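>>> With the input below, show me the fold.
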Amino acid sequence: MSKPRVVITGAAGFIGSHLSETLLDRGFSVIGIDNLLTGAMSNLTHLQNRDFLFIKHDITNYIHVDGPVDFVLHWASPASPIDYLELPIQTLKVGALGTHKALGLAKAKGARFVLASTSEVYGDPLEHPQKETYWGNVNPIGPRGVYDEAKRFAEAMTVAYHRYHGIDAKIVRIFNTYGPRMRVKDGRAVPNFISQALRGEDVTVFGDGRQTRSLCYVTDLVDGIIKLMHSSTNDPVNIGNPHELSIEEIARTILRMIGSSSRLVYRPLPTDDPKVRQPDISKARAILGWEPKVPLESGLEQTIAYFRTKLAAG
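Got it, this is the predicted structure:
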């Protein structure tokens, strides 16, 4: 019996590379597609001698893959504020045209489709914690709108393909995730705090530090994604850690774990930055039997060790 084949767009990215590795471990044949705009081949080098094929391609153009495909996992997109502020049009294009092309591949191959959506579809939420039924509070013309609306459009396109073409489609709304293979200059809180603390620099906290995030370790996230991939649901599902922490608590935990004497410095909060972020994961618990297992300090130990190696290598 042949292995199930999965196509992963954005395979050279942080989450895409972990997905590729875990699916290989679980007996899949993996085809990774990435144009390396924000991904890196260094995230995939350890997969070279496995049942893994890499295709360098911009998925806003037609996607061709030889042979059968069982699953299409659409993970391609800039995903940090630094990226989508620098690459606003590319972010919108991969959310719109890239999703259309990835859905087209799934339709042509009769494959199951999984969309990487995001908690950012909820915007700066007026409901707390956020349930999948919440429609969001998004500023479409604010600086973050290029990412938020790209993902909201991607969800609408995915649901349209499910309803009109009968594609078996899944939508995972990913909450803040951290772990090895995040970029040093990613711009998000955890990599910023770790890299600044390891260098002995001031650690930059935006706003008063009381805004909250809920941090999920990448292996927990990937486990949830794969459970959703195999499930029968077609409704969006939040995957994230419901344990809520303030930005300042996260920064102080990292400083303590590193043993850094860096001081916290406060800067103005960026426009439309969410004040709270906490998933309601009742649906993931009920439908998938999933919840996160990795404690924050355990996940941070792995992440800090990775960043030490990266910074030492220059």
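>>> Now do the SS call for residue 159.
Secondary structure, DSSP: H, G, I helix; E, B strand; the rest coil: residue 159 is helix.
>>> For it, which non-adjacent residue is spatially closest?
Computed as Cβ to Cβ, 6 or more residues apart in numbering, the closest residue to residue 159 that is not its neighbour in sequence is residue 169, at 7.2 Å. Where C-beta positions appear, they are placed from N, C-alpha and C, glycine not excepted.
>>> That neighbour is in contact with residue 158, isn't it?
Yes: the criterion here is Cβ atoms under 8 Å, and residue 169 meets it with residue 158 at 4.9 Å.
>>> Now list whatever residues contact both of these two.
103, 113, 115 (Cβ atoms under 8 Å, 6 or more residues apart in numbering).
>>> Restricted to helices, list the residues you listed.
Judged by DSSP state H, helices contain the following of the shared contacts of residue 169 and residue 158: residue 103.
>>> Tell me, how many residues neighbour residue 122?
Using other Cβ atoms under 10 Å, residue 122 is surrounded by 28 other residues.
>>> for residue 285, same thing?
By the criterion of other Cβ under 10 Å, residue 285 has 12 neighbours.
>>> ok, which stretches of this protein are helices?
Listed in chain order, the helices found in the chain under DSSP H are 14-25, 81-86, 88-93, 99-109, 145-165, 189-199, 218-229, 247-258, 282-283, 296-312.
>>> got the angle for the fifth one vs helix 99-109?
So the one you mean is helix 145-165. Angle of helix 145-165 versus helix 99-109, following axes from the mean of the first three to the mean of the last three Cα atoms, to 10 degrees, is 30 degrees.
>>> returning to that earlier point: and the helices of the chain, which one averages the lowest pLDDT?
Lowest mean pLDDT of those: helix 81-86, a mean of 90.
>>> Show residues contacting that helix.
Residues contacting helix 81-86 (Cβ under 8 Å, 6+ apart): 38, 78, 91, 143-144, 146-147, 185-188, 270.
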